[in-house]
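>>> next comes the sequence, and after it the predicted model I'd like to discuss.
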Amino acid sequence: MEKLRKRFTLHEMVLAGAFLLIFLIGACSNENFLSIRNILSLFQQMSEMGIMAMGLTIVIITGGMDLSAGTTMGLCAVTSGLCLTKGLGVVPSLIISLGVAVLCGAMNAVLVAIIRIPPMIATLGTQMFFLGAALVLSKGNSISGIPESFYFLGQAKIFGMPLQMLLLFGLAIFLMIMLRNTVTGQHIYAIGNNMKAALFSGIRTKHVLFYSYIMCSVMCCIAGNIQVSRVATARADMGSAFLMTCISAVVLGGTSINGGNGGIVGTVVGIMIFAMIGNIMNLVGISSFWQQLATGSILVLVVVFNRMIEMQKYKVKSRKV
Amino acid sequence: MKKILEKRETGVFLILLLLCFGLSLYSPSFLSYTNIKNVLVNSVPVGIMAAGMTIVLITAGIDVSVASQMMFSATWLAIFSQNSPIANPVTVLILALVLGAITGAINGFLIAAFSIPPIIITLGTASIYRGIILVYTNGRWIMNIPKWFTALGKTYYNIPLPIIYALIIFMITAWILKHTYFGRSVYAVGGNENAARYVGVNIKKTIFLTYFYSGLLCGFAGFVLDAILGNCQPSGSNGWEMNAIAAAVIGGTNILGGSGSVIGTVIGVAMMGVIENGLVVAHIPTYWQKLVYGLIIIATVTFDVLRRNYADSKKQMIEIDQEA
């Protein structure tokens, strides 16, 4: 026990416990839960949200927030959907949609890093703006008729495993290495811990913020394209419902909402927990309204719980001093 | 006179007048009594929420659960008014305020007691409140709200009742902000939290009361919404929290806290209503609406923050001058 406590924080142990508990509930409540088909489809469903949540993790570690992530996803989805139906090839469409994502991220970053609007407010505005842009582009309709050559992204399987699941883990490993072992990654943590100290120690905070917000938008773009390919339609409000779950997963994964600590592994575990809850509810036949209720409750509970641990720590420290 | 001209509200009001003038040139039906009445009555629920939002924004907080709180109240009121034997205007009004008080108190408690960023808590509670009513009603509309209830949202002698409600709420809110200890401490907390603490303002109590009051108004907005519409769609009015925020921000409430007024918010609400109506009058498809609102929010917030940064840099220059 003592050893365990040294290696892992309380939060990590609670997270692992919650993961195992929900896994056990799933295994007991329905015999189909543990079938390989269900587990693969679980991964297939969670990879879109997982990729978006990983992008959000980076921004949240810098002490920021990207409320426009969901609508960025919708805008990128609509863009590539339009390009594809207008007859452009798969590669040009993907490049254009990535370009739109970079623009979205840059716009957020300009508002946050240069004009210095609080990130929540800035992205609240761009959230509406991107949704509006997507609605105008798609004329308020959903875009169908995506050519079959695009289906590979969300429907292909490699050695029996869905492509987007491999993409999820590939990106997770890439981001983990980026955050842990590169200078930029360390700068991201530094900015989240103390923006002023980071600035005075010579970190180009604006560059790092630009990098983070653009990275987040690009992740949303990848998620959006996967979904377009999976369901073969593009809608403007595609990602809007993801935002809440993704923020909850990031927070559940141990990334502090005030920035400065956390990581990709926690986020992936967090997303897995939410995906399992949704999956179990689907298998047992509970309406999706309950999922909304559950997601909100978990978010509030986790944030409050994290905060209580922090307050406890703070008290102990101040007593020692 | 100069003071009035310098105020932010005046500028917004002039833009509003220009907008109305332009629209009336474009389409004469814009200035008809029915059209103006419709614009104003339809903005009443958002307006009432925006009044609460103004106070929340002045404390440098934010409440993105207002639309959910309003629908929470509206749904239970619709069910109550149809099924309960003791349902009458008075009990419905009391229930509306009680429901609003409960949701507001939950928000306020979580934000004040744990000092968690308000946007996170209200994002969470928004989907909790919405989830509860969706689970209970299974997403179905509640039709046929009783006649005596919808009579509370009708027009008598050419005066629409909802507008009277809104005026009362605006006046109460303005009075609270200007003339009560709570109202003044709201400005103090938003302007400089540390300074407010040293002066002896109870920060936690002020923040709790802020969200409590916002919840109360949301409960009342649900009551007005039911009375106006005559039915209740539990999944409806999605995104109205953005309209409330936009109205307050357009009206000059500083998103960084510390300043703002109810009069500005009233003008902001009217502006949002006129823009929405203008898009319809000018035959622009409704999906442009979000784009326009988004642009307006981004532009006004950018303007506000730049102005504050500029003012801060001026202040620093004065300090340096004095030292030299």
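Great, that's in hand.
>>> now the most centrally placed residue in chain B: how far from A:Ala53?
Using C-alpha atoms, centre = their mean, the residue of chain B that lies closest to the mean C-alpha position is B:Ala50, 1.1 Å off. Distance of B:Ala50 to A:Ala53, computed by C-beta to C-beta, to the nearest Å: 32 Å. Yep, even glycine has a C-beta here, placed from its N, CA and C like the rest.
>>> that older thread, isn't the residue nearest to the centre of chain B up against B:Ala244?
Yes. B:Ala50 is in contact with B:Ala244 according to C-beta atoms under 8 Å; the separation is 4.3 Å.
>>> skipping its backbone neighbours, what lies nearest B:Asn88 in space?
Leaving aside its sequence neighbours, B:Asn88 sits nearest to B:Trp148 (C-beta to C-beta, 6 or more residues apart in numbering or on different chains; 7.2 Å).
>>> please apply the same query to B:Ser235.
With C-beta to C-beta, 6+ apart, the residue lying closest to B:Ser235 is B:Gly139, at 5.8 Å.
>>> wasn't the one you found part of a strand?
No. B:Gly139 sits outside any strand when classified using DSSP: H, G, I helix; E, B strand; the rest coil, being coil.
>>> quick one, phi psi at it?
The phi and psi values for B:Gly139, taken as degrees, to the nearest 10, are phi 80, psi 0.
>>> A:Arg204 too?
phi -80, psi 90.
>>> how close does B:Ser235 get to B:Gly252?
As defined by C-beta to C-beta, B:Ser235 lies at a distance of 33 Å from B:Gly252.
>>> quick one, which of these two is more surrounded?
The residue with more neighbours, out of B:Ser235 and B:Gly252, is B:Gly252; 23 against 14, by other C-beta atoms under 10 Å in any protein chain shown.
>>> can you give me the helices in the stretch 201-324 of chain B?
Ranges of helices in the stretch 201-324 of chain B, per DSSP state H, counting those that start in this stretch, are B:203-229, B:240-250, B:262-281, B:288-323.
>>> okay, these in JSON lines with mean neighbour count next?
As requested, those are exported to JSON lines (neighbours: other C-beta atoms under 10 Å in any protein chain shown):
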{"stretch": "helix B:203-229", "mean neighbour count": "25"}
{"stretch": "helix B:240-250", "mean neighbour count": "27"}
{"stretch": "helix B:262-281", "mean neighbour count": "22"}
{"stretch": "helix B:288-323", "mean neighbour count": "15"}
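>>> want to throw those helices into CSV with distance to chain A and mean pLDDT?
Output for these, formatted as CSV (distance: least, C-beta to the nearest C-beta, whole Å; pLDDT from 0 to 100):
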stretch, distance to chain A, mean pLDDT
helix B:203-229, 13, 90
helix B:240-250, 6, 84
helix B:262-281, 12, 85
helix B:288-323, 3, 75
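>>> mind putting these into JSON lines with distance to A:Cys220?
Formatted as JSON lines, the helices of the stretch 201-324 of chain B follow (distance: least, C-beta to C-beta, whole Å):
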{"stretch": "helix B:203-229", "distance to A:Cys220": "31"}
{"stretch": "helix B:240-250", "distance to A:Cys220": "19"}
{"stretch": "helix B:262-281", "distance to A:Cys220": "28"}
{"stretch": "helix B:288-323", "distance to A:Cys220": "17"}
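>>> which one, of those, ends up nearest to A:Ile257?
A:Ile257 lies closest to helix B:203-229 among these, at 17.2 Å (C-beta to C-beta).
>>> which other helices and strands contact that closest one?
Contacts defined by 3 or more C-beta pairs under 8 Å, 6 or more residues apart in numbering or on different chains; DSSP states H and E place helix B:203-229 against helix B:33-58, helix B:66-83, helix B:89-114, helix B:147-150, helix B:161-179, helix B:181-191, helix B:193-199.
>>> which one of those has the lowest average pLDDT?
Among those, helix B:147-150 carries the lowest mean pLDDT, a mean of 79.
>>> got the buried residues for that one?
B:Phe149, B:Thr150 (16 or more other C-beta atoms under 10 Å in any protein chain shown).
>>> tell me the helices and strands packed up against that helix.
So helix B:147-150, by 3+ C-beta pairs under 8 Å, 6+ apart, packs with helix B:89-114, helix B:203-229.
>>> quick check: next helix or strand after that helix?
With elements assigned by DSSP states H and E, the helix or strand that comes after helix B:147-150 is strand B:155-156.
>>> can you give the distance from that following strand to the centre of its chain?
The chain centroid and the centroid of strand B:155-156 are separated by 24 Å, computed with C-alpha atoms, centre = their mean, to the nearest Å.
>>> can I get stretch A:59-77 as CSV, trimmed to CA atoms?
Provided in CSV are the C-alpha atoms of stretch A:59-77 (Å, rounded to 0.1, in the frame of the first residue of the first chain):
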residue,chain,number,x,y,z
VAL,A,59,-5.0,23.6,-24.4
ILE,A,60,-6.3,23.0,-20.9
ILE,A,61,-2.7,22.2,-19.7
THR,A,62,-1.7,25.7,-20.9
GLY,A,63,-4.4,27.0,-18.5
GLY,A,64,-6.7,27.8,-21.4
MET,A,65,-9.9,26.3,-22.7
ASP,A,66,-11.3,25.7,-26.1
LEU,A,67,-15.1,25.8,-26.1
SER,A,68,-15.1,26.0,-29.8
ALA,A,69,-13.6,22.5,-30.2
GLY,A,70,-17.0,20.9,-31.0
THR,A,71,-18.0,23.5,-33.6
THR,A,72,-14.5,23.5,-35.1
MET,A,73,-15.1,19.8,-35.7
GLY,A,74,-18.4,20.6,-37.3
LEU,A,75,-16.9,23.3,-39.5
CYS,A,76,-14.1,21.0,-40.7
ALA,A,77,-16.5,18.2,-41.3
